[in-house]
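> Make a model of this:
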Amino acid sequence: WALLVAAGGWALDPQRLLSQYRSQVWGTAEGLPSMSIAVIAQTPDGYLWVGTTEGLARFDGSRFVVFDRSNTPAFKLNEIRSLFVDRRGALWVGFAGSGLVKFEDGAFVEVDSMERSVHWIGEDARGLWVAGLGGLWRRNGDAKDVMVLGVEKPSVSSATFDGKGAIWLRMTDGRVMTERTPGAFETVNRPGRADQGEPSKIWLNAEGEVSTFTSLIGWTWRSGHWERQPLQLPTGVGAGGNVLVDSDRVSWIGLYPSGGTARAKGDRVEVFAPQHPAALGRFGPMLEDSEGNLWLGSWTHGLMRLSDGPMASWSTSEGLSSDGARTLLEGDDGTIWVGTTDGLNRISGTGVSWFRQPQPPAAQRAYNWFYAIATDGQGGLMLGTHAGLARWSDGRIRKSPHLRNMPGGGVFSLLRAREGAIWAGAAA
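Numbering: from 1, shown residues only. Here you go, the predicted model:
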């Protein structure tokens, strides 16, 4: 087996198309105790911990070891709602209905808790914080302090620390509260209009600012009020749920309740294609591991990992005109040219664009089947096709003026010599 450990971390390559990430999925057939995952964490030793409705699973990259109430005395129930790794590397496990358990020095130990249904665990210099259906409390050594939130129903669904260390709470009734001064909380005004939906889970954007979604609209708290952001989800994908900002400042968004995953770079939002595994199921927990891989936990489809993989593939799924690639050329500016059986393709930082020679239907295949590409020394390309020699320039493909000097038939190879002459291999 191999631990999930790396010397340094990096994020998924943000320049890749969504379809170019390698995906791998694990479920109960691979050893997970349940297909419903609530939370994911990674401890300093490299192990991945997966909290499910039927127990806790430890993953080493090859196999799962399951801990539940049948083999772990500290577990009174199996359903797990929260995981947290503290500054010492200890793992805290929050249950739905049976409080807290701590894993340290190879053993699980039940911890005295003032909260039975633990939705969030965090830590700062003041101690360990625990939030759930009963509110928010702090543990510092043996001392435990309940925070007075001043609301009729102090039930917390999610929480986070902001960039200044203040705690923000998203309550189960939809309201958002903030720590105005240490230990003193107040409700802030809701973002947007009432008909735009309740705020989703709160999260920190790439600048460390508290943010949320109301349906498809992103909001950030600035200077005492919610400011609408250019980040907006496309219609038809549900609403924004959990959000993870990776180490390249790219936002990964779990879509709720429709399911699926989106990637946001700046104000540009991309959604995985319907047939991709990341488009299936409701993804809640997300984790960027020490190798930069993205882990997604689903309420219905188990555990998934997105990684760069050793290579990025290009096909019609990424925008090529055809899957039949016959010839390649790297231009002086780094542009990749791909000659296919149905068009010439240009791959650059802005994506894929393709070119064809307009011809009657009967001649389309011969004129747009490309065998060879060479630069012409004038900013254009010489092209070998099934119908002979052609030239690309200014975004168009035309018959080459040299065609009259060529023998009939296709041109299968091209080479531009150092002195600028173009050599062509053609069918006689």
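
> For the rest of this, base every contact and every neighbour count on C-alpha atoms.
OK.

> What about the closest residue to residue 347 other than its chain neighbours, how many residues nearby?
Spatial nearest neighbour of residue 347, excluding adjacent residues (CA to CA, 6 or more residues apart in numbering): residue 336 at 5.0 Å. Around residue 336 there are 16 other residues, counting by other CA atoms under 10 Å.

> which residues does residue 336 contact?
328, 329, 330, 346, 347, 348 (CA atoms under 8 Å, 6 or more residues apart in numbering).

> Just put these in CSV and tack on neighbour count, secondary structure and distance to residue 308.
Shown next, in CSV, are the contacts of residue 336 (neighbours: other CA atoms under 10 Å; DSSP: H, G, I helix; E, B strand; the rest coil; distance: CA to CA, whole Å):
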residue, neighbour count, secondary structure, distance to residue 308
328, 18, strand, 23
329, 17, strand, 24
330, 15, strand, 22
346, 19, strand, 22
347, 18, strand, 18
348, 13, strand, 18
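
> Any chance of TSV for these, columns distance to residue 358 and pLDDT?
Converted to TSV, the contacts of residue 336 look like this (distance: CA to CA, whole Å; pLDDT from 0 to 100):
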residue	distance to residue 358	pLDDT
328	22	94
329	23	93
330	25	91
346	18	94
347	21	90
348	24	86
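
> biggest separation within those residues, which pair?
328 and 348 (13.5 Å; CA to CA).

> now do the same end-to-end measure for stretch 329-336.
Start-to-end span of stretch 329-336 (CA to CA, to the nearest Å) is 6 Å.

> about what we covered before: and which of the contacts of residue 336 is nearest residue 312?
Nearest to residue 312, judged by CA to CA, of those is residue 347 at 12.5 Å.

> and the most centrally placed residue in the chain, which of the three is it?
For the chain, the residue nearest the mean C-alpha position is residue 252 (4.2 Å; CA atoms, centre = their mean). Following DSSP: H, G, I helix; E, B strand; the rest coil, residue 252 is assigned to strand.

> residue ranges with poor pLDDT in the protein?
Counting by pLDDT under 70, the ranges of the chain that qualify are 1-10, 236-239, 310-311, 401-408, 428.

> the helices in it, which residues?
Ranges of helices in the chain, per DSSP state H, are 364-367.

> circling back to that earlier point, quick one: which of the contacts of residue 336 is nearest residue 264?
residue 348 (19.9 Å).

> partner residues bridging that closest one?
Going by DSSP bridges, residue 348 is paired in beta bridges with residue 351.

> What about residue 195, how many residues nearby?
For residue 195, using other CA under 10 Å, the count is 8.

> How about residue 320?
24.

> I'd assumed residue 352 was in contact with it.
Yes - proximity of residue 320 to residue 352 meets the contact threshold set by CA atoms under 8 Å, at 6.7 Å.

> Strands of the stretch 51-200 of the chain, residue ranges please.
Along the stretch 51-200 of the chain, counting by DSSP state E, counting those that start in this stretch, strands occupy 55-59, 64-67, 80-85, 91-95, 100-104, 107-111, 118-124, 127-132, 135-140, 143-146, 156-161, 167-171, 176-181, 184-188.
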